[in-house]
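Asker: Any chance you could fold what I've pasted below:
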Amino acid sequence: MDLRIVGAQVLLDRGLVGTSVRVSAAEGVISEIGTDRNSARIVDARGLYLLPGIVDIHGDAFERQIMPRPGVHVALEVALSDSDRQAIANGITTVFHGVTWSWEPGLRGSENARAILDGIERLKQQLAADTHYHLRHETFNFAAESEVCEWVDARRVGAVAFNDHLPASDSHMKRPDKLNQMVERAGIPREDFLALVQRLHGMRDAVPESITRIAGRAQANGVALLSHDDASPEQRRWFRTLGCRVSEFPVNIETARDASNAGDQIVFGAPNVMRGKSHMGWVNASEMVSLGLCSVLASDYYYPAPLIAAFRLVETRVAPLEAAWRLVSSAPARAVGLNDRGEIANGKRADIILVANDPPQPLRVVASISKGRIVYLTEPSRLGH
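Answerer: Next up, the predicted model:
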């Protein structure tokens, strides 16, 4: 049966409006706004916001479900299902799992990258959130290039991001803590890890050509391209020539401004807004929003963050709700080519959430609707017969 959501403050293009929204269960789309026709199951949403579902295009919190402690592995089906429940309970109705396929063995190695892709494809119909594979390709992972291109050609991945987390050759002296973390994650002796890093440094000249080949295949197949940690306007401009129009976590204002001037999407972490600072000591995401240099907020490493961050921007008067919510809904949807969602409008995919914001009670998701189905509900009394 169709749903008719009544009594909510509904976030439309023109702002919050007190109206009703009808959802077609059969088609999984928003069918009418402002109708009072019957023959639908009523959802009493008085006192709540009705918002587009969050579209999270960069999140790797699921890694903690796969490996909750170093060396402790959880069955992939359990980990993905648990991550799905966390995402949907925090209003994320479209999730891109950021899977790093690295030159490192272990958690970010080849075996795990393949297993997660297979797992998502196998479980996709059972998961509440629309789940996609965001391939975070480590650019020194030359051995994976041909397989990555095969995945792109088959449209098995929803996005490809170019990452370079190869430690500096002297990182064992400058960043021993970071290096130790990588060694522990890789699960190989420290000496072997350092030898691998040194060998890859000697292959640096081959990186640009490899990136260019993968980017060309992604462009040909309509797969979204992202660059990660752009360090300079020059680097951003180079990626742009390859058709890569999404800049994730640019490390300085100059690079973000170059991206903005060219109309690129700019991604920052919602935890940065939630915490009031970057955990890496880089730019403040709230300031970037206020400067117009951030168009997308992603969960990064914490699923509750996008919801909290959007309302934090409203509370701190950085942006009104309609602008803050675009950062977690319509803008990320457009960035990865999902133009069927991210807003409440006739014909759009019925990915919508009901949110309670009544301080001093904590901000919370009361219900999540994914493609017209109620997949999360904390107050069953709101659902009529």
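Asker: What distance do you get for the closest residue in space to Asn357 that isn't next to it in sequence to Ile214?
Answerer: Distances taken as Cβ to Cβ, 6 or more residues apart in numbering place Leu363 nearest to Asn357, at 5.3 Å, with adjacent residues excluded. For glycine as for every other residue, the C-beta is placed from the backbone atoms N, C-alpha and C. Remark: distance between Leu363 and Ile214 (Cβ to Cβ, to the nearest Å) = 40 Å.
Asker: higher neighbour count, these two?
Answerer: Ile214 (24 against 17; other Cβ atoms under 10 Å).
Asker: ok, the more buried one touching Ser146?
Answerer: No. Using Cβ atoms under 8 Å, Ile214 is not in contact with Ser146, being 9.9 Å away.
Asker: And the helix or strand harbouring Glu150, what does it pack against?
Answerer: For Glu150, the element it lies in under DSSP states H and E is helix 145-153. For helix 145-153, the packing partners by 3 or more Cβ pairs under 8 Å, 6 or more residues apart in numbering; DSSP states H and E come out as strand 130-138, helix 207-221.
Asker: Redo the ones you listed as TSV? Include mean pLDDT.
Answerer: Output for the helices and strands packed on helix 145-153, formatted as TSV (pLDDT from 0 to 100):
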stretch	mean pLDDT
strand 130-138	98
helix 207-221	98
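Asker: residue contacts, the residue nearest to Asn357?
Answerer: 307-308, 311, 355-357 (Cβ atoms under 8 Å, 6 or more residues apart in numbering).
Asker: now those as TSV including pLDDT and neighbour count?
Answerer: Output for these, formatted as TSV (pLDDT from 0 to 100; neighbours: other Cβ atoms under 10 Å):
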residue	pLDDT	neighbour count
Leu307	98	25
Ile308	98	18
Phe311	98	19
Val355	98	22
Ala356	98	17
Asn357	96	17
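Asker: Relative to Ser329, how far out is the residue nearest to Asn357?
Answerer: Between Leu363 and Ser329 the distance is 16 Å, computed by Cβ to Cβ.
Asker: Pro271 too?
Answerer: From Pro271 across to Ser329, the span is 18 Å (Cβ to Cβ).
Asker: more neighbours, these two?
Answerer: The neighbour comparison of Pro271 against Ser329 (other Cβ under 10 Å) goes to Ser329, with 31 against 23.
Asker: what residues are up against that one?
Answerer: If you count contacts by Cβ under 8 Å, 6+ apart, Ser329 has them with 51-55, 341-343.
Asker: Settle this for me: Met203 is touching Ala143, isn't it.
Answerer: No. Counting by Cβ under 8 Å, Met203 stays clear of Ala143, with 11.0 Å between them.
Asker: Can you pick out the residue with more neighbours from those two?
Answerer: Neighbours were counted for Met203 and for Ala143 using other Cβ under 10 Å; Met203 has more, 13 against 10.
Asker: next one: phi and psi at the more buried one?
Answerer: According to degrees, to the nearest 10, the main-chain angles of Met203 amount to phi -110, psi 10.
Asker: quick one, what contacts it?
Answerer: By Cβ under 8 Å, 6+ apart, the residues touching Met203 are 140, 142.
Asker: give me the number of residues near Arg41?
Answerer: Here the number of neighbours of Arg41 (other Cβ under 10 Å) works out to 15.
Asker: I should have written Ala25 there, sorry.
Answerer: Close neighbours of Ala25, defined as other Cβ under 10 Å, add up to 18.
Asker: ok now do it, which residues does it touch?
Answerer: Counting by Cβ under 8 Å, 6+ apart, Ala25 touches 1-3, 372-373.
Asker: Just give the nearest non-adjacent residue to Gly263, would you?
Answerer: Spatial nearest neighbour of Gly263, excluding adjacent residues (Cβ to Cβ, 6+ apart): Arg245 at 7.6 Å.
Asker: Kindly provide the distance from the one you found to Asp264.
Answerer: As for Arg245, its distance to Asp264 is 5 Å (criterion: Cβ to Cβ).
Asker: and those two? which has more neighbours close in?
Answerer: Asp264 (23 against 17).
Asker: That one is in contact with Val246, isn't it?
Answerer: Yes. Between Asp264 and Val246 there is a contact under Cβ under 8 Å: 6.5 Å.
Asker: Show me the beta-bridge partners of Arg364.
Answerer: Ala356 (DSSP bridges).
Asker: ah, wrong one, I meant Thr100
Answerer: On the basis of DSSP bridges, Thr100 is bridged to Arg136.
Asker: what's the distance between it and Asn90?
Answerer: Distance, Thr100 to Asn90, using Cβ to Cβ: 22 Å.
Asker: Tell me how the chain divides into domains.
Answerer: Annotated domains of the chain cover 3-51+344-382, 54-335 [automatic domain parsing].
Asker: Show me the strands in the stretch 1-150 of the chain, by range?
Answerer: Applying DSSP state E, counting those that start in this stretch to the stretch 1-150 of the chain gives strands spanning 3-6, 9-12, 15-18, 21-24, 29-33, 41-44, 49-52, 54-59, 92-101, 130-138.
Asker: re the thing from before, and of the helices and strands packed on helix 145-153, who's closest to Gly59?
Answerer: Set against Gly59 and scored by Cβ to Cβ, the helices and strands packed on helix 145-153 come closest in strand 130-138, at 8.0 Å.
Asker: and the angle for the closest one with strand 92-101?
Answerer: Strand 130-138 runs at 30 degrees relative to strand 92-101, counting by axes from the mean of the first three to the mean of the last three Cα atoms, to 10 degrees.
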